[in-house]
Structure formats: C-alpha cells, structure tokens
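Using only what follows, build the 3D model:
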Amino acid sequence: MNPALLTDDQKMIQEMAQRFAKERLYDGYRERAINSESKLDRGLIKEMGELCLLAPNIPEEFGGIGSTSFVNGLICEAIAYGDFNLSYLNMTNPLMSDVIMRFGTEQMKHDVLPKMASGDLISALGLTEPRGGSDAGNLILKAEKTDTGYILNGEKTSMSYATQADNVLMFARTGTVESGPYGVSAFLVDLNLPGISRTEFDDIGTKPVGRGSVFFDNVEIPASALLGNENEGFTKIMVGFDLSRVLIALQCVATAQVSVDETWEYVQEREAFGTPLVKFQGVSFPLAEHESMLEALRALSYQTLRLRDGGHKHTKEAAILKWMGPKYATEILQNCLLLSGHYGYTTDLPHQQRMLDVLGLQIGDGTAQIMKTVISREKVGKIALQYK
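Numbering: from 1, shown residues only. You can find the predicted model right below:
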C-alpha cells in the first residue's frame, strides 16, 4: 500500500512490519521453508507478538492494539514479503480472534486472546473433514452433549499447524446430518486433551505451517468451550472468512512482489549479446504486466478491507480476491523463475519455494470454483446454486 495514502499511525505500523520482515525474516525464509522437520519458529513468533504484529485487531485490554482490518492487511502484506509461512499467522489470528471476541465467553477471551496476541499460543482452524473440503457444511465430526459438556468423535484434516497448535477453533455437528450447516456448532478445544492424536502431511510447500489431520476419540470438553449458540456455529461464524480471503490475497501479492522486485534487479545486471536483459521487451514487458496485476489486486484488497471496516458487505470482493490472488501469484512466481534462467531453476534462488508455498492456497480456504460460485450467488442469488 502506497504510504502516501496512509495516516501517520498506519505508516508507522507498516514501516515497523516492513523493517521486521527485512531484518529478521527475509534472509532465512528459504532455509526455514525447505526443512521438512521445521515448525514455525516460536522465537520469531514471540518477537512478532512483542511488536503487536500478530493480531492487531485484539483490543488493548486483551493485549492487542484494537486496530482495524485495514491495518491487519498492512501487516500481513509486510510479513509475507519476508516470509510467506510466518504470515499465515497474520491471516489466521485475526480471523480466529475476531470470532472469539464476538462469540466467546468472557473467561475464554481473558484466557486465550492475550496469549494469541503475545505469540505464546498458536490457534488452528478445524473445518475440513476427509469426505469433503469444498462442501464445508457437510460435517460429520460429532459433538455429543453430556451433563457437563460435550464428547467429540471424528477427524479434522488438511488443518494448518496440525502438530504444533495449542488449541483449535473447531466446527462439529450437534444437530442431525440432514440439517447441514444449520446443525453445526463452534468450539474452542485444547489440543492437549486425552483422546487427541495428530499426524502431519508431507506437503510440497508450506512445510513449516505443518498441514495434517487431528483425530478425536471420545474427547471430553466442557460446556464453556462452545462459542455462540448451539447449531449456529457455521452460519454465524463463516462470515469471518471474508476477512481471511482478503488477507490470503495480500499474502500472495506480497510473495509475488518480492520475486518481481528481485527479478527487476537481476535483469538489469544480467547481460545477453552485450546488453542488459531489461532492455529486451520480451523481458521487461512481462514484468510490467506483473506489476500491473499486483497493483490491481493490492488496490482491491485494501478497498475491500475499508468496506469491512465501514460495516459494508464485501463477500463478493473477498471471493474475487481469494481466487485471483493465489492463481496470478503462482503464475507470476513461475515467470520470475523462468526469467532468471538456469539459475532460477536451482534452489539457490527462492522463486521455486515461494511458488510451491503459494500454490497451496489455490486449494485451501476455498477453491477457485467455490469462490466463483460465491460470486455468482452474490450477483444472481441462490439460483446460481441450483444444478438441476
């Protein structure tokens, strides 16, 4: 975001996040990303927490700075420029902390939000199940009510931070299967409870994020773990995903932008036929096109965040950004690799790693097909969902 369009406070926060990304994240990104045994660096997370970079939307009374979605975007973009994987926290923390602030109990807020803001706690989101990711309301993980709380049985899969998260904001079925999304409730569950086991996938990218599965075998949770009302978890809380979809786009924009910036430098230094590569239109024009696309995505992202902060509807815009951001970022990163020639095909440069990391967001948190369905529904109503 152009600093000329920001307030003094917004500029200060953006500059702080950019400085942290440059000085603490940029140089070590590739090494952290390729280590298959790595997790998100808790030390770096703590540093981010000390600078209020993890969940600025959390109110001051709970350890945040009570800032806007717009500021969340500034921070997310800045951190992703230095390390795409660490910026996952800048995407998930605002979503989950917002849900807790709106629907959690006072005790839950005091117990969880300060630790989320400080970096002492990693919170996962448990939505996807093995039998269907896109059909998010078609859940079968069961939360059976007891005299003191609930008993959980089932599996969540494709979950970020699966083996390293401390708790999970989880959707479980409390109504009948036939009730679909209207029989789903939301719970905040401690992942260290008896009966919980976890596995991690061997993904091609975002290894430090650690996607995997979590299994619940007669796991007892207290009634206080419920967020909001029973059977209203899905329909009430899913609106928060309009925020995460915009932040995902900014993650992708930033990750592509850093490779574009590096490629501009490379093509000015590298020569062919005695001439810098940048003088060839076949080189400079694609980079100019990339700059144009990234500026357009960035502008729509911040416009959408302003709509959100103003209390205006922004579901369509968020869906547009969710499918376009990962798609075009992946294409841009691939082209930066190609423009770097044989050197770009090595692991010495980070283009290939960024491309693999970004690629996963064409699947996770809603595929392009689902986002286009959302856009169609926003334009013409539920007729867009009728297939007969």
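
Not counting residues beside it along the chain, what's closest to the most centrally placed residue in the chain?
When CA atoms, centre = their mean is applied to the chain, the residue found nearest the centroid is residue 91 (3.8 Å). Among residues not flanking residue 91 along the chain, residue 247 sits closest, at 4.2 Å (CB to CB, 6 or more residues apart in numbering). To be clear about C-beta, it is placed using only N, CA and C from the backbone, and glycine gets the same treatment.

Contact partners for the one you found?
Residue 247 makes contact with 72-73, 76, 90-91, 94-95, according to CB atoms under 8 Å, 6 or more residues apart in numbering.

could you redo the last one with a cut-off of 7 Å?
Residue 247 makes contacts with 72-73, 76, 90-91, 94, as judged by CB atoms under 7 Å, 6 or more residues apart in numbering.

Now the buried members of the residues you listed.
Among these, those classed as buried by 16 or more other CB atoms under 10 Å are 72-73, 76, 90-91, 94.

would you turn these into TSV with secondary structure?
Below are these laid out as TSV (DSSP: H, G, I helix; E, B strand; the rest coil):
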residue	secondary structure
72	helix
73	helix
76	helix
90	helix
91	helix
94	helix
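
Can you convert these into TSV and add a column each for pLDDT?
Listed next are these as TSV, based on pLDDT from 0 to 100:
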residue	pLDDT
72	96
73	97
76	97
90	96
91	94
94	93
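
coming back round to it: now flag whichever of the contacts of residue 247 is closest to residue 256.
Of all the contacts of residue 247, the one with the least separation from residue 256 (CB to CB) is residue 76, at 14.1 Å.

Identify the residues contacting the closest one.
Residues in contact with residue 76, defined by CB under 7 Å, 6+ apart, are 87, 90-91, 247, 250-251.

picking that back up, distance of the residue nearest to residue 91 relative to residue 291?
For residue 247, the distance to residue 291 (CB to CB, to the nearest Å) stands at 21 Å.

One more: residue 171?
40 Å.

Over to residue 166?
In this view, residue 166 and residue 291 are 40 Å apart by CB to CB.

follow-up on the earlier one: who has more neighbours, residue 171 and residue 291?
More neighbours surround residue 171 than the other of residue 171 and residue 291, with 27 against 15 (other CB atoms under 10 Å).

what about the helices in the stretch 151-300 of the chain?
233-237, 241-269, 281-309 (DSSP state H, counting those that start in this stretch).

just so I know, which of these lies nearest residue 120?
Among the helices of the stretch 151-300 of the chain, helix 241-269 sits nearest to residue 120 (CB to CB), with 21.7 Å.

Quick one: mean pLDDT over the closest one.
Average pLDDT, helix 241-269: 96.

what does stretch 189-206 give?
Across stretch 189-206, pLDDT averages out at 94.

and if you look at stretch 225-238?
Here the average pLDDT along stretch 225-238 is 82.

buried sites along that stretch?
225-228, 231-234, 236-238.

okay, it in PDB with CA atoms only?
The C-alpha trace of stretch 225-238 is given here as PDB (Å, rounded to 0.1, in the frame of the first residue of the first chain):
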ATOM      1  CA  ALA A 225     -15.900 -24.400  25.100                       C
ATOM      2  CA  LEU A 226     -19.000 -23.600  23.000                       C
ATOM      3  CA  LEU A 227     -18.900 -20.300  21.000                       C
ATOM      4  CA  GLY A 228     -22.200 -18.700  20.500                       C
ATOM      5  CA  ASN A 229     -25.300 -20.800  20.400                       C
ATOM      6  CA  GLU A 230     -25.700 -24.500  19.500                       C
ATOM      7  CA  ASN A 231     -26.300 -25.300  15.800                       C
ATOM      8  CA  GLU A 232     -25.400 -21.700  14.800                       C
ATOM      9  CA  GLY A 233     -21.700 -22.000  14.600                       C
ATOM     10  CA  PHE A 234     -21.400 -22.400  10.800                       C
ATOM     11  CA  THR A 235     -23.900 -19.900   9.700                       C
ATOM     12  CA  LYS A 236     -22.800 -17.200  12.200                       C
ATOM     13  CA  ILE A 237     -19.000 -17.600  12.100                       C
ATOM     14  CA  MET A 238     -18.400 -18.300   8.400                       C
END
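
I'd like the distance between residue 330 and residue 139.
29 Å.

nope, residue 127 is what I meant
To residue 139, residue 127 is 8 Å away according to CB to CB.

What segments of the stretch 1-150 of the chain are helices?
Using DSSP H, counting those that start in this stretch, the helices of the stretch 1-150 of the chain run over 8-20, 29-34, 42-50, 69-82, 87-103, 106-118.
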